[in-house]
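Q: Take a look and give me a structure for this.
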Amino acid sequence: MDLTRTEVVARKRGAAARFALLAAPVAFFAVFFAYPVAAIVARGLKTDGTWHLGRIGEVLAQSDVRHVLWFTTWQALVSTALTLIVALPGAYVFARFDFPGKHVLRAVVTVPFVLPTVVVGTAFLALVGRGGLLDDLWGVRLDTTVWAILLAHVFFNYAVVVRTVGGLWAQLDPRQEEAARMLGASQLKAWRQVTLPALAPAVAAAALMVFLFTFTSFGVVQILGGPTFSTLEVEIYRQTSEIFDLSTAAVLTLIQFAAVGAILALHAWTVRRRETALRLVDASVTARRPRGAGQWALLGGVLVTVAVLLVLPPAVLVQRSLGAPGFGYYRALTSEDGGVFLVPPIEAIGNSLSYAVAATLIAVVIGGLAAAALTRRDAGRFVRGFDALLMLPLGVSAVTVGFGFLISLDEPPLDLRSSWILVPLAQALVGVPFVVRTMLPVLRAVDVRLREAASVLGASPWRVWREVDLPMVRRALLIAAGFAFAVSLGEFGATVFIARPDNPTLPVAVARLLGRPGDLNYGQAMALSTILMVVCAVALLVLERLRTDRTGEF
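A: Below you'll find the predicted structure:
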């Protein structure tokens with residue numbers, strides 16, 4: 001059908017507006033992500049204008065580097081497998097069962113995902129470390145072992161599987177499996193041949209995201225692994241901050257960058273399959289109360305798993321933070337000992353909150369513009385490619401970004417090393433992907449004909465956004481801001497390099513306290529971790545109250 005001249009003009013205006021919207025996000029990622037990463041790679045592999053690419057082979061030939069690569073991949077694979085085994089029953093329970101307290105339990109399950117990795121490491125240290133609960137009761141210590149790392153990774157990523165797989169499972173029509181049963185298939189065969197193929201894209205997407213988060217793990221491994229275990233991210237930190245071998249760090253960064261790019265490409269493919277290959281139903285009609293002893297036993301097993309794996313570590317963390325009489329560890333946060341900080345540790349709370357608010361504003365603006373530009377599914381190849389690039393900060397070494405900030409943003413007009421804005425900029429890089437992933441599905445659900453009608457009637461792109469899109473996505477915008485705030489509050493990998501000694505953030509303060517001997521330092525770390533955990537948990541609970549769709553992803 002031929003388009004009228006007015007429609008052609010409207011579409012051209014829409015395309016121009018889309019590229020205009022992308023200008024700020026592209027500039028932001030070019031200056032504050034691509035440039036710092038490229039700078040640290042160039043600093044390590046380029047001398048007197050000559051690239052020394054042979055250094056890549058030299059680094060890969062080192063036995064200790066090959067061990068780091070092997071351990072990084074091995075622990076990520078095992079962590080992913082364990083997370084799927086433990087969390088898939090929970091995904092089924094949340095998808096198919098209706099029981100009292102379900103929405104509250106969904107929020108409880110999601111809290112670990114928004115906790116800073118430093119808090120997760122500290123919580124498991126209180127549970128399985130020296131003087132921890134298991135050590136006190138049975139003399140069992142798991143810190144500095146791979147089991148502590150694996151358990152912490154399952155704790156952190158449980159919600160990824162429950163939300164991603166469970167969100168799709170709740171929308172699969174159960175009548176398809178029931179029809180297979182009526183035709184003579186056993187329950188196992190019907191599930192294997194009908195439900196499992198439909199769930200496969202969601203399971204693959206969840207597995208890839210868990211693998212990505214564990215492959216790039218830093219805070220958890222740094223705290224629980226000790227000197228024995230090192231992932232790529234931890235090794236990059238060690239090479240840059242302790243050994244000062246930038247060439248090795250640059251090679252490891254390139255390896256991690258390539259691996260993350262491949263993972264994200266696979267993830268994007270699985271998401272497209274999930275979006276286009278299925279016919280879904282309203283999730284509210286698929287859940288029912290458990291029937292029979294087997295289903296009640298499954299529900300009970302999931303509740304026990306949540307209690308032991310997800311609730312117990314934070315509870316032990318709170319208990320340990322109250323170990324000194326009269327809230328002694330919390331009162332100690334208000335004093336300055338001059339050894340760890342230049343200011344009382346309590347000031348880290350205000351610093352973190354102010355940094356996180358600034359980072360949230362940046363992430364919402366940049367992520368909102370990017371999501372608005374990416375709304376149309378028929379966008380060009382460049383726009384679709386930028387959609388994938390937006391996810392890179394979640395997987396590329398935050399340590400590299402933080403150190404890259406120091407060596408690249410040091411000359412006018414971008415001499416920001418002494419500026420407070422440096423920390424929020426680094427934190428916003430992690431928040432933007434969450435804003436985009438939260439707002440994009442909602443924006444795509446807006447009937448495109450409403451936008452086209454407004455454009456045909458002469459509304460500018462800005463007015464179309466203000467009067468058509470904004471009223472429909474206001475709630476999603478608040479949720480996106482909440483997630484950006486939570487992840488900014490807990491960012492550690494980049495912030496550890498750029499936070500000034502007189503303005504530490506909560507995660508940096510916790511790591512510094514844990515790095516010093518003494519029960520008082522240990523107790524203060526537990527107290528600060530508890531405060532950080534409570535703030536993140538409250539933010540998540542508020543988000544759950546705002547959500548209208550409680551079946552989907554984050």
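Q: From now on I want contacts and neighbour counts done on CA atoms only, so please keep to that.
A: Noted.
Q: low-scoring stretches of the stretch 201-350 of the chain, by residue?
A: The model of the stretch 201-350 of the chain has pLDDT under 70 over residues 271-285, 337-342.
Q: If we use 50, what do you get?
A: Filtered on pLDDT under 50, the stretch 201-350 of the chain yields the residue ranges 277.
Q: quick one: pLDDT of the nearest residue to residue 532 once chain neighbours are set aside?
A: Spatially, and ignoring its direct neighbours in sequence, residue 532 is nearest to residue 506 (6.9 Å; Cα to Cα, 6 or more residues apart in numbering). Looking at residue 506, its pLDDT stands at 88.
Q: What is the burial count for residue 506?
A: Residues lying near residue 506 (other Cα atoms under 10 Å) number 30.
Q: give the contact list for it.
A: For residue 506, the contact set (Cα atoms under 8 Å, 6 or more residues apart in numbering) comprises 348, 349, 351, 352, 489, 490, 528, 529, 532.
Q: Just among these, which is most surrounded?
A: residue 489 (31 neighbours).
Q: Contact partners for that one?
A: Counting by Cα under 8 Å, 6+ apart, residue 489 makes contact with 116, 352, 353, 355, 356, 427, 506, 536.
Q: ok, and for the strand or helix carrying the last one, which residues are buried?
A: Secondary-structure element containing residue 536, defined by DSSP states H and E: helix 519-546. Neighbour counts over helix 519-546 (16 or more other Cα atoms under 10 Å) mark 520-537, 539-541, 543-544 as buried.
Q: elements contacting that helix?
A: With contacts taken as 3 or more Cα pairs under 8 Å, 6 or more residues apart in numbering; DSSP states H and E, helix 519-546 sits against helix 102-114, helix 117-128, helix 312-321, helix 328-332, helix 470-490, helix 506-514.
Q: Tabulate those in TSV, adding columns for distance to residue 164.
A: Converted to TSV, these look like this (distance: least, Cα to Cα, whole Å):
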stretch	distance to residue 164
helix 102-114	12
helix 117-128	21
helix 312-321	24
helix 328-332	38
helix 470-490	16
helix 506-514	28
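Q: For residue 259, find the nearest of those.
A: Within those, the stretch nearest residue 259 is helix 117-128; the backing value is 21.3 Å (Cα to Cα).
Q: Run the angle between the closest one and helix 506-514 for me.
A: Here the directions of helix 117-128 and helix 506-514 differ by 40 degrees (axes from the mean of the first three to the mean of the last three Cα atoms, to 10 degrees).
Q: hang on, the earlier thing: farthest pair in the contacts of residue 506?
A: The largest separation in the contacts of residue 506, counting by Cα to Cα, is between 351 and 529 at 14.7 Å.
Q: can you give me how far stretch 68-88 is from the chain middle?
A: Relative to its parent chain, stretch 68-88 has a centroid offset of 17 Å by Cα atoms, centre = their mean, to the nearest Å.
Q: quick check: mean pLDDT across that stretch?
A: 95.
Q: Residue 129 versus the residue nearest to residue 532, what's the distance?
A: 21 Å (Cα to Cα, to the nearest Å).
Q: got it, and residue 351?
A: 29 Å.
Q: Apart from its chain neighbours, what residue comes closest to residue 195?
A: Of all residues not flanking residue 195 in the chain, residue 177 sits nearest, at 6.8 Å (Cα to Cα, 6+ apart).
Q: Isn't the one you found up against residue 191?
A: Yes - Residue 177 is within contact range of residue 191, at 6.6 Å (criterion: Cα atoms under 8 Å).
Q: Now do the SS call for residue 417.
A: coil (DSSP: H, G, I helix; E, B strand; the rest coil).
Q: residues touching it, list them.
A: By Cα under 8 Å, 6+ apart, the neighbours of residue 417 are 405, 406, 409, 410, 498.
Q: Flag the least confident of the residues you listed.
A: Model confidence across those bottoms out at residue 410, which has 78.
Q: so that residue, which of the three states?
A: Following three-state DSSP, we place residue 410 in the coil state.
Q: cool, the one 10 residues further on as well?
A: Remark: residue 420 carries the secondary structure label coil [criterion: three-state DSSP].
Q: neighbours of it, just the number please.
A: Other residues near residue 420 come to 14 when the count uses other Cα under 10 Å.
Q: ok, it - contacts?
A: Contacts of residue 420 (Cα under 8 Å, 6+ apart): none.
Q: mind checking pLDDT for it?
A: In this prediction, residue 420 carries a pLDDT score of 86.
Q: distance of it from residue 351?
A: Taking Cα to Cα, one finds residue 420 at 10 Å from residue 351.
Q: Pull the contacting residues for residue 367.
A: Contact partners of residue 367, counting by Cα under 8 Å, 6+ apart, are 25, 432, 433, 435, 436.
Q: got the phi/psi numbers for the first one?
A: Looking back up the chat, that one is residue 25. Here is the backbone geometry of residue 25 (degrees, to the nearest 10): phi -60, psi -40.
Q: was I right about it contacting residue 366?
A: Yes - at 5.3 Å, residue 25 and residue 366 qualify as touching, with contact defined as Cα under 8 Å.
Q: more crowded one of the two?
A: residue 366 (27 against 23).
Q: wait, isn't the more buried one in contact with residue 433?
A: No - contact criterion Cα under 8 Å: residue 366 and residue 433 do not qualify, at 9.8 Å.
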